[in-house]
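**Student:** Here is a sequence together with a model predicted from it:
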Amino acid sequence: MDDGTAEKDGFKLCTDSYSKDEVLLLIQVLKDKFELDCIIREHNPNQYRIYIRVSSMEKFRSLVRPHFHKIMMYKLEGKREK
């Protein structure tokens, strides 16, 4: 829950410690199993993140919301709770 957050263009999963091949494999699983529109983005040299595009955000939220603790819900919406 803590290694990602919503952004204006979707959701980023901070997979910085994974190799590029591992991130590409994870993206393929997200596409095949959950039909999520994802891409890889380089964060720093040799650090890669998964971006779930805005077109898949509602589906992504519906998949992960039941598993999120209520104090972490702001990460799905891109804003902090008040």
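**Tutor:** Structure received.
**Student:** For the protein, which residues score under the pLDDT cut-off?
**Tutor:** Within the chain, the stretches with pLDDT under 70 are 1-2, 74, 78-82.
**Student:** Please confirm that residue 55 is located within a helix.
**Tutor:** Yes - looking at residue 55 with DSSP: H, G, I helix; E, B strand; the rest coil, it is inside a helix.
**Student:** so how many other residues sit close to it?
**Tutor:** Neighbour count for residue 55, taken as other CB atoms under 10 Å: 11. C-beta here means a position set from N, CA and C on the backbone, and glycine is covered the same way.
**Student:** How about the contacts made by it?
**Tutor:** Contact partners of residue 55, counting by CB atoms under 8 Å, 6 or more residues apart in numbering, are 10, 37.
**Student:** if we go to 10 Å?
**Tutor:** Applying CB atoms under 10 Å, 6 or more residues apart in numbering, one finds that residue 55 lies in contact with 9, 10, 36, 37.
**Student:** got the contact list for residue 11?
**Tutor:** Contacts of residue 11 (CB under 10 Å, 6+ apart): 4-5, 36, 38, 50-54, 56-57, 60-61, 64, 75-76, 78.
**Student:** scratch that, residue 22 is what I was asking about
**Tutor:** Residue 22 touches 15, 48, counting by CB under 10 Å, 6+ apart.
**Student:** Tell me how far whatever helix or strand it lives in lies from the chain's centre.
**Tutor:** Assigned by DSSP states H and E, residue 22 belongs to helix 20-34. Computed by CA atoms, centre = their mean, to the nearest Å, the chain-centroid distance of helix 20-34 equals 11 Å.
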